[in-house]
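*Asks:* please work out how this folds:
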Amino acid sequence: MNNYNDSPHEECGVFGISLAKKQAAASLVYHGLYALQHRGQESCGIIVNHSGLFTAKKDLGLVSEVFTPEVLSSMPEGRMAVGHVRYSTTGAARRSNCQPLEVNHLKGRLALCHNGNLSNAAELRRELELSGAIFHTTSDTETIAYLITRERIKQPSIEEAVEQTMYRIDQVQIKLNPVRSVIEGKRIVLVDDSIVRGTTSRRLIRILRDAGAEEIHIRISSPPFRGPCFYGTDIDSKEHLIATGRTLEEMAAYIGADSLDFLAPEDLRVMAGTDCLCDACFTENYPTAVPEDAGKSRFELPLQEKEAL
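*Replies:* Next up is the predicted model:
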């Protein structure tokens, strides 16, 4: 008798936290995973980052079985932690495939959880193995871990390492899946509402290039962001904005476009039909005094830093 249930299944659950100060991070992640138990019942795990050192616990079983009160109390406090409940889609239900995966490398440590399948996992794994990589699991999550680690050795930040890895794995193209027969050999004009850092635009342009686009011209229906917003809109800090310190041509080169242009601030007022609007993030002409410290953590400084002010 075949007991296989062919109804739709969930594909794992991931829960992560970043805290302002050290506390019992494992307990917080435990409650998150407990609420996500329906996403996977084969195994579970938690990694806590305490001052750059990792403490991990993972095993086969349900969250409440693996993370007893004694186990949770033995895990250190930390500011970051990540957890995973697994329903296997690639790789058998065994302890070596439990997540999060932990990697130690030249520039530090990496804890990785993953939900879903990579359609090009076999191709990437073979490429890595032929270059000397030794795999300890049968999960495609380890493939991602290897790719990120290799990029991290070359890139100045973990964010850029992840971005470069995203170009290699097919899973990220599900949302923006180009049709090669429509794009190949064409000159494309892509219109978007804004560019903040440029990372999303750069990834999209690369996807279109890979699909055979001959030229890609970007037109943005807002002016370039020149400064942060202090009045409620979440605009990144100035040093992270693509327009900071770059000409129009340099911005186009950064995202990989053949040309790039923005709406002029004066045309924005024409479109709005009024001069009574705030364009401070485009012009840096703020209607009020600019705060000296507008960081997101300005009310969460350690005591010694507060005393130094």
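*Asks:* what is the neighbour count of residue 262?
*Replies:* Residues near residue 262, counting by other C-beta atoms under 10 Å, number 21. Every C-beta, even on glycine, is put in place using the N, C-alpha and C of the backbone.
*Asks:* tell me who's in contact with it.
*Replies:* 220, 222, 223, 224, 248 (C-beta atoms under 8 Å, 6 or more residues apart in numbering).
*Asks:* thought the third one was touching residue 263?
*Replies:* In this case it means residue 223. Yes - the pair residue 223 / residue 263 is scored as a contact, 5.6 Å apart, by C-beta atoms under 8 Å.
*Asks:* which parts of the stretch 151-300 of the chain are strands?
*Replies:* 187-192, 215-220, 259-262 (DSSP state E, counting those that start in this stretch).
*Asks:* quick one: strands adjacent to the first one?
*Replies:* Just to be clear, that refers to strand 187-192. Sheet partners assigned to strand 187-192 using DSSP bridges are listed as strand 215-220 (parallel).
*Asks:* ok so, going back, so which of the strands of the stretch 151-300 of the chain comes closest to residue 70?
*Replies:* Across those, residue 70 has its closest neighbour in strand 187-192 (52.3 Å, C-beta to C-beta).
*Asks:* and that closest one, what's buried?
*Replies:* 188, 190 (16 or more other C-beta atoms under 10 Å).
*Asks:* now do stretch 242-255
*Replies:* 242, 243, 244, 251, 252, 254, 255.
*Asks:* looking at the residues you listed, which are in helices?
*Replies:* 251, 252, 254, 255 (DSSP state H).
*Asks:* TSV please, covering those and showing pLDDT.
*Replies:* Below are these laid out as TSV (pLDDT from 0 to 100):
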residue	pLDDT
251	95
252	96
254	93
255	94
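*Asks:* quick one: these as a markdown table, columns for distance to residue 55 too.
*Replies:* Formatted as a markdown table, these follow (distance: C-beta to C-beta, whole Å):
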| residue | distance to residue 55 |
| --- | --- |
| 251 | 43 |
| 252 | 46 |
| 254 | 39 |
| 255 | 40 |
